[in-house]
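Chemist: Pasted the sequence and its predicted model underneath.
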Amino acid sequence: MKQIEWNNNILYLLDQRKLPAETAILECKNHHDVCMAIKTLAVRGAPLIGVAAAMGLVLSSIANEFETAEELRNYVESAEKELRSTRPTAVNLMWALDRMLTAIDKPGYLTAESLRKLILEEAMAIWEEDCELCRLMGINGAAVIPDNANIITHCNTGSLAASGDGTALSVIRQAHRDGKKIHVFVDETRPLLQGARLTAWELSKDGIPYTLITDNMAAHVMKEKKIDLAITGADRIAANGDSANKIGTYGLAVIAKAHNVPFYIAAPYSTIDLGIKSGKEIVIEQRDPDEVRFFGSRQTAPENCNVYNPAFDVTPAELIRAIITDRGIIEQPFATNLKQTLCGV
Ligand code: MRU
């Protein structure tokens with residue numbers, strides 16, 4: 001089973017909450033199921049939640065025997081609002097939904113049937129494009145990975161986070177495919193262990209050598225000169241290059257700077273939000289305190305103790321060596337070069 005599949009009007013998702021111990025499949029039969037899957041992180045990772053949300057709209061378009069295009073459009077638009085509210089930080093979710101709304105507003109689709117077909121086509125186009133963006137990021141980014149490199153990464157940025165090979169993990173995969181001898185240090189990524197549960201699982205399957213470390217070991221490993229470069233994904237990149245990613249990424253970038261280790265971000269163009277000037281405008285998702293009070297199902301802190309649980313942090317642009325995208329490697333100054341790459345001006 002792939003991370004996401006569409007068959008007979010059902011969206012099948014690999015339930016990432018259960019990995020790596022169990023390979024369970026989640027069936028989404030309507031957009032409410034997709035909302036729940038996104039909120040609970042059964043499906044996760046910036047590009048993949050965008051694709052899942054687009055498919056959620058497809059499910060909403062087949063939820064009823066709509067008699068008119070107007071009736072169908074109204075229902076899909078209400079589903080769109082629900083899907084948009086599931087998670088606030090990763091802009092790929094909003095990007096995919098905006099693209100779906102633009103398609104739905106196209107003139108000329110006057111019957112429910114024609115509009116339904118258009119919605120499916122647009123969602124599939126987003127899905128296919130996401131696969132291609134992963135491939136291009138891999139090809140572009142592999143150039144920054146030297147032979148014999150020791151790489152450190154955070155969270156999960158692979159096939160479980162996107163529809164193709166992933167973002168940062170696509171770059172790592174491509175370097176491995178190119179025959180480079182690489183080794184990856186994987187941060188376990190507290191509190192939900194996306195590094196330990198998901199990245200380590202993906203690297204094992206690919207036969208890419210790796211070592212799992214807890215997040216608080218990264219500085220020590222860098223001091224021992226075991227790291228040549230750090231690479232992570234991003235959930236939203238502001239116009240000045242400030243990049244939101246899984247909590248702990250900022251800390252990793254700070255210690256990379258302290259040890260003279262280049263820190264790269266890999267993200268598709270759909271993660272770049274030129275609508276916000278800096279990271280200050282990025283809404284950081286706050287999650288359930290029990291994610292911190294428990295380690296898996298085991299309680300590791302006093303019941304109801306005070307907890308702060310931001311799911312993401314923002315790495316300031318000045319700590320980032322370059323942003324690897326499907327459109328090439330973007331270097332400093334990001335404020336000029338991101339705009340130039342996306343808009344050609
Ligand atoms: O909360 P998650 O697991 O959805 O967070 C995912 C990340 O932070 C990834 O690093 C990010 O989406 C970028 S790579 C696809």
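Modeler: Thanks, I have it. Numbers count the residues shown, from 1 in each chain.

Chemist: Residue 288 and the ligand, how far apart?
Modeler: Distance, residue 288 to the ligand, by C-beta to the nearest ligand atom, to the nearest Å: 12 Å. Quick note: C-beta positions are derived from backbone N, CA and C, even for glycine.

Chemist: Pop out the phi and psi values for that residue.
Modeler: Residue 288 has phi and psi values of phi -50, psi 130 when expressed as degrees, to the nearest 10.

Chemist: and it, how far is that from residue 254?
Modeler: As defined by C-beta to C-beta, to the nearest Å, residue 288 lies at a distance of 27 Å from residue 254.

Chemist: same thing with residue 291?
Modeler: Taking C-beta to C-beta, one finds residue 291 at 23 Å from residue 254.

Chemist: Residue 48 now?
Modeler: Using C-beta to C-beta, residue 48 is found at 28 Å from residue 254.

Chemist: Just want to know which of these two has more residues nearby.
Modeler: Per other C-beta atoms under 10 Å, whichever of residue 48 and residue 254 has more neighbours is residue 48, with 27 against 15.

Chemist: thinking that one is in contact with residue 163, fair?
Modeler: Yes. Here residue 48 reaches residue 163: they are 6.3 Å apart, a contact under C-beta atoms under 8 Å.

Chemist: overlap in contacts of these two?
Modeler: 3-4, 130 (C-beta atoms under 8 Å, 6 or more residues apart in numbering).

Chemist: Keep only those of those residues that are in strands.
Modeler: If you go by DSSP state E, these have residue 4 in strands.

Chemist: Closest one to the ligand out of the shared contacts of residue 48 and residue 163, please.
Modeler: Distance to the ligand across these (C-beta to the nearest ligand atom) is lowest for residue 130, with 10.3 Å.

Chemist: Is that closest one in contact with residue 267, as I believe?
Modeler: No. With contact defined as C-beta under 8 Å, residue 130 does not reach residue 267; the gap is 11.9 Å.

Chemist: more neighbours, those two?
Modeler: Higher neighbour count among residue 130 and residue 267: residue 267, with 29 against 24, using other C-beta under 10 Å.

Chemist: what sits against that one?
Modeler: Per C-beta under 8 Å, 6+ apart, neighbours of residue 267: 46, 137, 167, 233-234, 237, 243, 323-325.

Chemist: how far away is it from residue 244?
Modeler: Using C-beta to C-beta, residue 267 is found at 10 Å from residue 244.
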